[in-house]
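S.K.: would you be able to build a 3D model of this:
(chains A and B)
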Amino acid sequence: MNTRRITRRDALKAFSAGAVVSSLSACATMGQKNIGRVVVVGAGYGGATAAKYLRLWSDGAVDVTLVEPSEAFISCPMSNLVLGGSKVLADVTVGYSGLDKHGVKRVRDTVSAIDVDKKQVRLASGGMLPYDRLVVAPGIEFMYDRLQGWSSAGEATVLHAWKAGPQTVALRKQLTDMKDGGVAVMSFPLAPYRCPPGPYERACQIAWYLKQSKPKSKLIVLDANPDYVSKKPLFSRVFGEDYKGIVEYRVNAPVNEIDLKTGTLVTEIGDRVRADVINLIPPQRAANIARDAGLITANNRWCDVNWTSMESIKVPNVHVLGDATLSAPGMPKSGHMANQHGKAAAAAIIELLNGRAVVPPMMANTCYSFVDDRNAVHVDSVHRWVPEKKTLEPVAGAGGISSQDRASWALEGAYAQSWATTIWADMLS
Amino acid sequence: MKTRRITACAFALPLLAGAAHAQQTADADTRSAALLASNCANCHGTLGNAQGAMPSLAGQQKTYIVEQMRAFRDGKRPATIMHQLAKGYTDQQIELIAEFFSRQKSAR
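M.R.: Down below sits the predicted model:
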């Protein structure tokens, strides 16, 4: 009861101060049950899911404002198929309007600052949003400062395409513009990075395109890791059987220098790789808004959270989701996992706003990777709360990867497509 | 704890049969079951209503879901992925998940 009274008073205070963005009516929730205000920063797999489930599971009692600068959601999972050419960007794009029927207030803006003491976020447009609980689902920032020879001049030509969008389309164009007999190179960092199997799927997609359209061409894959990070028995087989003579896979090949003039990557041990198309995926950390709010706690890169509630271990009332978190043991930085983070946070926030104890969540992960235009392979895991270790851990004996039976990969391709449309609906419809 | 929870749930849920979502989230055990079952929603849809080739779980018989999960887990029903995921959940959790989905409305 106290919570409700405080919330109303705060809302009135904010309203009278003119601090509430005009499109957000503080009055809209005045006449009904309201247990608190939550602002969600970022509408990716984690943030959008949290926003929807906060409304769904509280029966509308939590006031939810979702701040996101993009007009529509563009999915990283499935976006490698745009590079292969079997999909276009519109196929992996979903609008946000489906959240309206749940009563999520959408604000198309960027959060420029978070004041964790006053419990409010500042918008780039100048508005201010107060919160009782804040959800920060900011995604990643690339660490170009780790790359010698890098300058902003490289941004237009040396693409990461590791945030789906214009770069995905631009990289596809570079590949279609490349002459037959050309060389493409992709480089990716040491784990942890966003989407462990993603680079290998991307290699398959680029190789599949080259095999169809430019069979004299080559793709050099520079893996910074000592071995395949994910699905080794599957990807190593596909590289060797399907893309023999096209994919040249090298391990222990972190790139720490680039010559933008000649289009050359230099690996740690001094190997120089010149290519017509360079896809450079730099090391990553939690995005700037998380850093600026003091949420980064591990290696200057990731945000440690309490895995029962997703609340920051450092900043009270702030919950961090998705790739920005310091992953629990055996937990991948995936969109699927971020969706599970969003649900765990939503459930916990509702309990906390009601003054009740939080129930530790179970989480599951599934990542499908397409090895060509229609066949897919998966990795999956289930994660449970281990009280004595105060973290989530994979359940021993559960989870695994696809069988080597290629006949099942076509069925998994159909499931992978259904996974995408279902999870997009789970977060956005 | 687990036994207590199941008992409380079995007691509470019949009262909620056919009830709206508002009532379904009213008690602690149902909220726990909703969170647990949301593990499945990524592939099987919010409240068990899936898209495309993925099977929906909303409105399925509880006994059917429990039997299938056990068959996946014990290797008696072949699968691409469910034989691996089913091993991650206890019998009690499977019961809670099955109970939850059996009470959801199928959109199909």
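S.K.: for chain B, what are the nearby residues on the stretch 1-150 of chain A?
M.R.: When proximity is defined by Cβ under 8 Å from any Cβ of the partner chain, the stretch 1-150 of chain A lies next to chain B at A:52-53, A:56-59. Using the backbone N, CA and C atoms, a C-beta is placed for each residue, glycine as well.
S.K.: let me know the closest of those residues to residue A:115.
M.R.: The closest of the residues of the stretch 1-150 of chain A next to chain B to residue A:115 turns out to be residue A:58 (Cβ to Cβ; 24.9 Å).
S.K.: so how far is residue B:34 from the closest one?
M.R.: From residue A:58 across to residue B:34, the span is 11 Å (Cβ to Cβ, to the nearest Å).
S.K.: low-confidence ranges in chain B?
M.R.: In the prediction, chain B carries residues with pLDDT under 70 at positions B:1-26, B:108.
S.K.: could you say what helices and strands the longest helix along it packs with?
M.R.: Looking across chain B with DSSP state H, the single longest helix is helix B:28-44. On a contact count with 3 or more Cβ pairs under 8 Å, 6 or more residues apart in numbering or on different chains; DSSP states H and E, helix B:28-44 meets helix A:45-57, helix A:335-353, strand A:363-370, helix A:406-428, helix B:2-12, helix B:91-102.
S.K.: how far off helix A:406-428 does it point, in degrees?
M.R.: On the basis of axes from the mean of the first three to the mean of the last three Cα atoms, to 10 degrees, helix B:28-44 is oriented at 130 degrees to helix A:406-428.
S.K.: what about helix B:28-44, distance to the chain center?
M.R.: Distance, stretch centre to chain centre, for helix B:28-44: 7 Å (Cα atoms, centre = their mean, to the nearest Å).
S.K.: now tell me what touches the next helix or strand after that helix from outside.
M.R.: Under the assignment DSSP states H and E, the closest C-terminal helix or strand after helix B:28-44 is helix B:62-73. With contact meaning Cβ atoms under 8 Å, 6 or more residues apart in numbering or on different chains, helix B:62-73 is reached by B:57, B:76-77, B:79, B:82-83, B:85-87, B:89, B:91, B:94-95, B:97-99, B:101-102.
S.K.: OK, contacts around residue 53?
M.R.: Looking at chain A here, since you left the chain open. Applying Cβ under 8 Å, 6+ apart, we find residue A:53 in contact with A:342-343, A:346-347, B:38.
S.K.: please refer instead to chain B.
M.R.: By Cβ under 8 Å, 6+ apart, the residues touching residue B:53 are A:414-415, A:417-418.
S.K.: may I have the phi/psi pair for the residue in the stretch 301-429 of chain A positioned nearest to chain B?
M.R.: Nearest residue of the stretch 301-429 of chain A to chain B (Cβ to the nearest Cβ) works out as residue A:382 at 2.5 Å. Dihedral pair for residue A:382: phi -120, psi 140, per degrees, to the nearest 10.
S.K.: now it. Nearest residue, chain neighbours left out?
M.R.: Spatial nearest neighbour of residue A:382, chain neighbours left out: residue B:88 (2.5 Å); criterion: Cβ to Cβ, 6 or more residues apart in numbering or on different chains.
S.K.: can you give me the neighbour number for the one you found?
M.R.: By other Cβ atoms under 10 Å in any protein chain shown, the residues close to residue B:88 number 23.
S.K.: now residue A:72
M.R.: Burial of residue A:72 is recorded as 14 neighbouring residues (other Cβ under 10 Å).
S.K.: got the contact list for it?
M.R.: Residue A:72 is in contact with A:93-96, counting by Cβ under 8 Å, 6+ apart.
S.K.: just among the residues of the stretch 1-150 of chain A next to chain B, which is most surrounded?
M.R.: Among the residues of the stretch 1-150 of chain A next to chain B, residue A:53 has the most neighbours (other Cβ under 10 Å), with 29 neighbours.
S.K.: against residue A:40, how distant is that one?
M.R.: 11 Å.
S.K.: next: residue A:309.
M.R.: Counting by Cβ to Cβ, the gap from residue A:309 to residue A:40 is 15 Å.
S.K.: neighbour-wise, which of the two wins?
M.R.: Per other Cβ under 10 Å, whichever of residue A:309 and residue A:40 has more neighbours is residue A:40, with 33 against 20.
S.K.: ok, that one touching residue A:64?
M.R.: Yes: using Cβ atoms under 8 Å, residue A:40 is in contact with residue A:64, at 6.5 Å.
S.K.: what residues are shared contacts of those two?
M.R.: Listed as contacting both residue A:40 and residue A:64 by Cβ under 8 Å, 6+ apart are A:51, A:54.
S.K.: give me every residue that touches the residue nearest to residue A:153 when sequence neighbours are not counted.
M.R.: Among residues not flanking residue A:153 along the chain, residue A:260 sits closest, at 6.0 Å (Cβ to Cβ, 6+ apart). Applying Cβ under 8 Å, 6+ apart, we find residue A:260 in contact with A:149-151, A:153-154, A:157-158.
S.K.: neighbour-wise, which one of those leads?
M.R.: With neighbours defined as other Cβ under 10 Å, the most crowded of the contacts of residue A:260 is residue A:158; it has 22 neighbours.
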